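Undergrad: The sequence and its predicted three-dimensional model are supplied below.
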Amino acid sequence: MSQYYIYESIQAGFHAPAEEQSRYSVELNNYVIEHPNTSVLLRVQGESMISAGIYTGDIVIVDKSQPVKHGDIVVAQIDGSYTIKYFYKTSSGQIYLEAGDEQRTQMFPTEELELFGVVVSLIRKF
């Protein structure tokens, strides 16, 4: 596996004076995919998660071993169709999925909801 150096920081705002940066080595596969035996990569199609920064063509890394928490981005099968959405659970225990776009469309399962896994990372090429 290839190892790469990560420098501690890079200024994304106004220019900062150059100074000595600390760096450390990281194996890219281990950094991006923490649990390779329970993770899958999926290419995204559609625009329903653009407010979450997920666009058509992106590759999401989905960990099937992660426990799902309120507010997580998940891949789920709802009423027979797979989708990527936010996961929410109301105080009364009702589960629903919500799109990450301007409409914030909510999807309540009418038949079944199967959680496939939690989106833990994203890969995008420019």
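TA: On my side now, so go ahead. Because the structure is a prediction, the values reported are computed rather than measured.

Undergrad: The closest residue to Ala52 other than its chain neighbours: neighbour count?
TA: Counting by CB to CB, 6 or more residues apart in numbering, Ala52 lies nearest to Gly100, which is 3.5 Å off, once chain neighbours are set aside. (Each C-beta comes from the backbone N, C-alpha and C, glycine too.) If you count neighbours by other CB atoms under 10 Å, Gly100 ends up with 18.

Undergrad: Pull out the buried positions in the helix or strand hosting Ile84.
TA: Element membership for Ile84 (DSSP states H and E) is strand 81-89. Buried residues in strand 81-89, counted by 16 or more other CB atoms under 10 Å: Thr83, Ile84, Lys85, Tyr86, Phe87.

Undergrad: Tell me the confidence at the residue nearest to Ala52?
TA: At Gly100, the model reports a pLDDT of 89.

Undergrad: what does Tyr96 give?
TA: Here the pLDDT value assigned to Tyr96 is 94.

Undergrad: cool, and Arg124?
TA: Looking at Arg124, the pLDDT reads 94.

Undergrad: can you start the count at 21 instead of 1 from here on
TA: Done: numbering now begins at 21, and the last item shifts to Arg144.

Undergrad: and the residue nearest to it when sequence neighbours are not counted, what does it touch?
TA: In space, and not counting its chain neighbours, Arg144 is closest to Asp78: 5.0 Å by CB to CB, 6+ apart. The contact partners of Asp78, by CB atoms under 8 Å, 6 or more residues apart in numbering, come to Arg63, Val64, Leu142, Ile143, Arg144.

Undergrad: pLDDT of the strand holding Ile104, averaged?
TA: Rounded mean pLDDT across strand 101-109 is 94.

Undergrad: Can you tell me the strand partners of it and which way each runs?
TA: Partners of strand 101-109 in the sheet, by DSSP bridges, are strand 93-98 (antiparallel), strand 115-118 (antiparallel).

Undergrad: out of those, deepest packed?
TA: Scoring the strands paired with strand 101-109 by mean neighbour count under mean count of other CB atoms under 10 Å gives strand 93-98 as the most buried, with a mean of 20.
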